Each structure stands twice: as C-alpha cells, then as structure tokens.
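Participant: using only what follows, build the 3D model:
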Amino acid sequence: MTPPVGINAGHFFRGVPAGFADTVRRIEDLGFDGLWFAEAYGSDVFTPLAYAAALTSRIRLGTAVAQIPARTPAATATTATTLDHLSGGRVVLGLGASGPQVSEGWHGVAYPRPLARTREYVDVVRQVLAREQPLDHDGEFHQLPLRGGTGLGKPLRSSLHVLRPDLPIQLGAEGPRNIALAAEIADGWHAMFFSPAFDDFYRTALEEGFARRGGRPEHFEVVCTLPVVVDTDIERAADRIRPDLALYMGGMGARGANFHHDVFVRMGHAETAARVQDLYLRGEKAAAAAAVPTSLVEEIALIGPVGKIREDLARWSGTVVDSLAVQGLPEDLEIVAKALL
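Facilitator: The predicted structure follows:
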C-alpha cells in the first residue's frame, strides 16, 4: 500500500516563490497528506505554516525541522500550541539540533552534547504542553526559573489552554544515536537521505530507543523527506538532484563535522563522499555535482518516468517509513501527484 505523501517545501531562498498561495491550495486539493517547512539561517519555519493554515483546512502542518538553538523550549512550545489552535489541531512539531556552524555562528548557542540538549529541550516542551503545573525545570542547559538573575523569576504555567497536550513531537535525525533518541523520547522520526537498502540499520537504531522506552508507542511515525523528479530522461532527472546532494554531502558543516556527509559514508559511499567534499570545498560546485553517480541518486530519490517511479516506490514499502514528504515545491505538482498518490 502506498504510504501517505506530503510536501516538504524546505525554506525560502531570496524570497517567497511566485504564486505561493495558489501552490499551497493545490497541495491540499490534489490530496497530499501534509505540508512541511524547514529553516536554516534565513526564513523561519513557523510563519509559512501559519500562512498555510489560513489557506487550507485538512493537510497536516509540520516543522521539518524547527531548530533547537533558535528558540527557548518554552517559546517553541507556545508557538506550536498557538498555531495548533489557529489550524484546528493540525500541527506536527519536528525539532532538530542543527549543526555547529549554524548553532554557534547564527544563534550564538554552544553546540556540544546535542543529544543531551535535545533530551532536555523536549522534556521542557512536553511540560509546557501538559500544562499540569507551573514550569519548573532544573537542568544542565535550562533552568526555569533561572538560577541567579534578579531572583524574581517564578514558575509559570501557559496562559493558553493547550488544544492538544499530546501534540506530536518528532526529531530530525541522521545518525544512529540520534535516531534511537527519537524512538526513546519523541512521537516520530523525520528522516532524510533514507535508503531502503539500509532499512535494517534504521530499524536497529529505532529498536534500541524503543527498548529504553519500554516498547514502541502506538502512534510513533517515521516520515521520510524524499527527492522526486518526474522526467522521461533519467539522467536529466538525476541532474536536478545532484547539486543538492553535492551541497549536503560536500558543503554543509565543515570537513570532519558534516553529519550529512557521514550518512553517505555509512551507506558505503565513502570514496564518492570524499571526492564530492574535496571538490565542493575547493569551490568546484559543478564538478562536485557531476561526481554524484546516478545510482546513488536513485538510492535515496525517485527519478524517471511515472511508471518507473511507481515501481521504485515499492522499495519504500515494508521499511520503517510510515509516510513520505516530497522534497521541495515541484512545479509539476499534478504529475508528481499522479505518480505517487
């Protein structure tokens, strides 16, 4: 059975795409399951979702992902719950630790020990959502009320009555420890660069987290952001994805601290990943993109004619993936819908 399929619009570059409102309406009208947004160091993740909430009535509205260093956990929780009210309970809160370049360079937040930070952050968010008692948290990274300061801080409870105390929280994760953390403390895992061939690897990481939790929660969801290009020419389709893969594999983070690069190394593409990174960091972006083999593109994406895409989609069936999110805002939404829905 084909899993539910949404759209992961990513984040805006330069400006808002022309006809964006019409595109959002078409995404819902065509039957897509949800609309997800991301953020890096430009457009934020919540404002486009609020805009989309006003234009739609059915689709889920997800952050994929909201950056943990960008906001205090209480601010994230109150933003998500406000949007949940405005959208009629359609929000999925995806969280991610980002990376050291953005966390420290853009937000001025120290990056070390991201898993411990994430664990504590989720705990505070859940306390705000539960609204069972005033917020009181004495952690390593967050002290609420703050220790020191004026001494006038006091435990507070959200003045907004939360629409859904069990508003789903997902973690964006790539490494095995982070995937296991999602299984242990969250309601889902949002994956990218997911290869069906390595399903056993992902399944093992998830099971490790579920074991620490005492079992898999009934509504745990694995969402996979998936590049899709419909084109009768497979190489031409791959060419539309290669530059993004080169960016993530070679240009994100720094040499030795690029978590996306590490994904492809674990998948057995260490030599390709090293070559792409070398070229990209030398400024040879076109050569870096050209160095990404079509076979690697096909491992983590759906490309080619409609019939081939439908056949290849079957590889995701039977994996840990529960739903898909097409990467980007395809101009040919109707054709993508025909291929996947």
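Participant: which SS class is residue 277?
Facilitator: Secondary structure assignment for residue 277 (DSSP: H, G, I helix; E, B strand; the rest coil): helix.
Participant: show the contacting residues for the residue nearest to it when sequence neighbours are not counted.
Facilitator: If the residues on either side of it in the chain are set aside, residue 277 comes closest to residue 250, at 4.1 Å by C-beta to C-beta, 6 or more residues apart in numbering. Quick note: C-beta positions are derived from backbone N, CA and C, even for glycine. For residue 250, the contact set (C-beta atoms under 8 Å, 6 or more residues apart in numbering) comprises 258, 261, 273, 276, 277, 278, 279, 280, 281, 288.
Participant: residue 235 too?
Facilitator: For residue 235, the residues meeting the contact criterion (C-beta under 8 Å, 6+ apart) are residue 294.
Participant: which element is it on?
Facilitator: Under the criterion DSSP states H and E, the helix or strand holding residue 235 is helix 234-246.
Participant: and the average pLDDT for that helix is what?
Facilitator: Along helix 234-246, the predicted local confidence has a mean pLDDT of 97.
Participant: quick one: residues in contact with the helix or strand just after that helix.
Facilitator: Using DSSP H and E, the helix or strand that follows helix 234-246 in sequence is helix 259-266. With C-beta under 8 Å, 6+ apart as the test, helix 259-266 has contacts from 99, 174-175, 193, 198, 201, 248-250, 252-253, 270, 272-273, 277, 296.
Participant: and what of stretch 123-130?
Facilitator: Contacting residues not belonging to stretch 123-130 are listed as 73-74, 76-78, 80-81, 93, 95, 135, 137, 139, 142, 144, 158, 162, 164-167, 169, 185 [C-beta under 8 Å, 6+ apart].
Participant: and that stretch, how far out from the chain's middle?
Facilitator: Averaged C-alpha coordinates place stretch 123-130 at 20 Å from its chain's average position (C-alpha atoms, centre = their mean, to the nearest Å).
Participant: tell me how far the residue nearest to residue 277 lies from residue 272.
Facilitator: Spatial separation of residue 250 from residue 272 under the definition C-beta to C-beta, to the nearest Å is 10 Å.
Participant: how about whichever strand or helix holds residue 22: buried residues?
Facilitator: Taking DSSP H and E as the criterion, residue 22 maps to helix 20-29. Neighbour-count burial for helix 20-29, counted by 16 or more other C-beta atoms under 10 Å, picks out 20, 23, 24, 27, 28.
Participant: now tabulate the residues you listed in CSV and tack on distance to residue 322 and pLDDT.
Facilitator: What follows is these, written out as CSV (distance: C-beta to C-beta, whole Å; pLDDT from 0 to 100):
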residue, distance to residue 322, pLDDT
20, 28, 97
23, 25, 97
24, 24, 98
27, 19, 98
28, 20, 98
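Participant: any idea which of those residues is closest to residue 240?
Facilitator: Closest approach between the buried residues of helix 20-29 and residue 240, by C-beta to C-beta: residue 23, at 18.1 Å.
Participant: list the contacts of the nearest residue to the closest one once chain neighbours are set aside.
Facilitator: In space, residue 23 comes closest to residue 329 once its chain neighbours are excluded; the distance is 6.0 Å by C-beta to C-beta, 6+ apart. Residue 329 sits next to 7, 9, 10, 17, 23 when contact means C-beta under 8 Å, 6+ apart.
Participant: what is the neighbour count of the second one?
Facilitator: By that I understand residue 9. 24 (other C-beta atoms under 10 Å).
Participant: what sits against the spatially closest residue to residue 31 that is not a sequence neighbour?
Facilitator: Nearest in space to residue 31, with sequence neighbours left out and distances taken as C-beta to C-beta, 6+ apart, is residue 341 at 5.3 Å. Counting by C-beta under 8 Å, 6+ apart, residue 341 makes contact with 2, 5, 30, 31, 32.
Participant: and if you look at residue 35?
Facilitator: For residue 35, the residues meeting the contact criterion (C-beta under 8 Å, 6+ apart) are 6-7, 9, 24, 27-28, 49, 52, 56, 59-62.
Participant: in strands only, show me these.
Facilitator: Cross-referencing the contacts of residue 35 against strands under DSSP state E gives 6, 7, 60, 61, 62.
Participant: and these, which is closest to residue 229?
Facilitator: The shortest approach to residue 229 among those belongs to residue 7, at 14.0 Å (C-beta to C-beta).
Participant: what is the burial count for that closest one?
Facilitator: 30.
Participant: check what pLDDT it gets.
Facilitator: The model reports residue 7 with a pLDDT of 98.
Participant: mind checking how far residue 249 is from residue 192?
Facilitator: The span separating residue 249 from residue 192 equals 12 Å under the rule C-beta to C-beta.
Participant: those two: who's more crowded?
Facilitator: Counting neighbours by other C-beta under 10 Å for residue 249 and for residue 192 shows that residue 249 has the greater number, 29 against 22.
Participant: now the strands for this protein?
Facilitator: Residue ranges of the strands in the chain, as given by DSSP E, are 5-8, 34-37, 60-63, 66-67, 91-96, 137-138, 143-144, 169-172, 188-192, 221-226, 228-230, 302-304, 323-327.
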